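> Coordinates for the following, if possible.
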Amino acid sequence: MKHLNPLFFATARQNEHKKTLNPLILIKGISVLLVFIGFAARAENLPKPLFKLTQGQGTEVCEAYLQRLNATEFLNNDPTQGRVSEPLLKGFADLKPVPLTAEEIQRVQYKTLSFERFQDQYLFEKFSKKWDEAWGRQSSLFGHGLIEFPSNTLEAINKDIVANQKTPFVRYQVQLDMDNDGIAGDVVIKNNRGVYIVDYLLQHIDEERMKRIFADQDALDWPTMYQFPSLAFPITVFGYNNKYYFDGFFNNLDFQQRGSLGIAHYLQRPYLLGVFIHERQQTHRICEYEWVNTAQIIYRK
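Numbering: from 1, shown residues only. Now for the predicted structure:
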């Protein structure tokens, strides 16, 4: 009979042990999964958002905007995802939003994303062109994950339009006066991620004006700040009694924590929304609201 090396049996026993699932690991895994499913379920069944005014009591625009916030319909009852409808209460201007066409979105989509991520609306288009010249196929740019941008074909954009009918990419027909200098000349477009001041033909973003009105001026000077350091997210603009304002959540901003524009959902922190006004070449936060019935929700981009 042929003698077998004792190491053979030891190795076999080890391999058999590896095939046996540790019950503790299984229980922990199931627990984590149930918690995740619970968070996901709550994320899809949030109550209608309720806000309270925490700073700016007695200020007319703050009190009026509180009424508007609590009457606004938010996508999936989540104010960080976008607004389906806003009531036109007394004193508020009708900005006459109209959805952009697929062709218009195609002109501005990469510029908005590139500006948001790199403070340079043309950077992605330049990089994409260089990649095409070098490799002859743009798909490789996305396939290797170098820059994760959505497809900019009309077919893809039309599908996105259908999927986002409740919160479309819009253009305000009314030209706004975002610096409140008495000259209403700002062409503003808006999607779920914020607003952009553009030229009339929607061919470029007014980067200087965007930075002057909507940016955290201190963060603009950070050596590592390559993305646009917005004062709030997602930004919405409105007019009230012949002045123009913008609002958005100003705490838990991702660029302050992880270097990307968005909201980081910290379960232990309140969601604070601010109303800002740009006057006399400075932006000020004049109202603050707390989203008081926020549920525990998972991080969502």
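> doesn't Val195 fall inside a strand?
Yes. Residue state for Val195 (DSSP: H, G, I helix; E, B strand; the rest coil) corresponds to a strand.
> who does it bridge with?
Beta-bridge pairing for Val195 (DSSP bridges): Lys190.
> quick one: contacts for it?
Residues near Val195 by C-beta atoms under 8 Å, 6 or more residues apart in numbering: Val188, Ile189, Phe214, Ile235, Thr236, Val237, Phe246. The C-beta positions use only the backbone N, C-alpha and C, and glycine is treated the same way.
> change it to 7 Å
For Val195, the contacting residues are Val188, Ile189, Ile235, Thr236, Val237, by C-beta atoms under 7 Å, 6 or more residues apart in numbering.
> What lies in contact with stretch 106-122?
Residues outside stretch 106-122 that contact it (C-beta under 7 Å, 6+ apart) are 123-125, 149, 152, 154, 157, 189, 193, 196, 198, 202-205, 207, 226-228, 261.
> Buried among those? Make that a ChimeraX selection.
Selection of buried members from these for ChimeraX, criterion 16 or more other C-beta atoms under 10 Å:
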select :123,124,152,157,189,193,196,198,202,205,207,227,228,261
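> Inside strands: which ones of the contacts of stretch 106-122?
Ile189, Tyr196, Val198 (DSSP state E).
> what pLDDT does the last one get?
On pLDDT, Val198 comes in at 98.
> and it, what does it touch?
Applying C-beta under 7 Å, 6+ apart, the residues near Val198 are Val108, Val187, Ile189, His204, Ile205, Asp206.
> The third one against Arg171, yeah?
Yes. Ile189 is in contact with Arg171 according to C-beta atoms under 7 Å; the separation is 4.8 Å.
> Common neighbours of the two, please.
Counting by C-beta under 7 Å, 6+ apart, the common neighbours of Ile189 and Arg171 are Leu100.
> Now do the strands in the stretch 151-300 of the chain.
Under the criterion DSSP state E, counting those that start in this stretch, the stretch 151-300 of the chain carries strands at the ranges 170-172, 187-191, 194-198, 233-240, 243-249, 271-279, 282-291.
> what about Gln173, neighbour count?
When neighbours are counted by other C-beta atoms under 10 Å, Gln173 registers 11.
> got the contact list for it?
Applying C-beta under 7 Å, 6+ apart, the residues near Gln173 are Lys96, Val98.
> Check it and give its pLDDT.
Value listed for Gln173 in the pLDDT field: 97.
> Now Val84: closest residue in space that isn't a chain neighbour?
Setting aside the residues directly before and after it, Val84 is nearest to Glu73 in space (C-beta to C-beta, 6 or more residues apart in numbering), at 4.3 Å.
> One more: Leu253?
Nearest residue to Leu253 in three dimensions, chain neighbours excluded: Phe233, at 5.9 Å (C-beta to C-beta, 6+ apart).
> before we move on, what about Trp291?
What sits nearest to Trp291 in space, not counting adjacent residues and going by C-beta to C-beta, 6+ apart, is Tyr271, at 4.0 Å.
> Same check on Val237?
Nearest residue to Val237 in three dimensions, chain neighbours excluded: Phe246, at 4.7 Å (C-beta to C-beta, 6+ apart).
> any idea how far Ala102 is from the one you found?
Applying C-beta to C-beta, to the nearest Å, the value for Phe246 to Ala102 is 27 Å.
> higher neighbour count, those two?
More neighbours surround Phe246 than the other of Phe246 and Ala102, with 24 against 18 (other C-beta under 10 Å).
> what's the more buried one in contact with, if anything?
Phe246 makes contacts with Phe214, Ile235, Thr236, Val237, Phe276, as judged by C-beta under 7 Å, 6+ apart.
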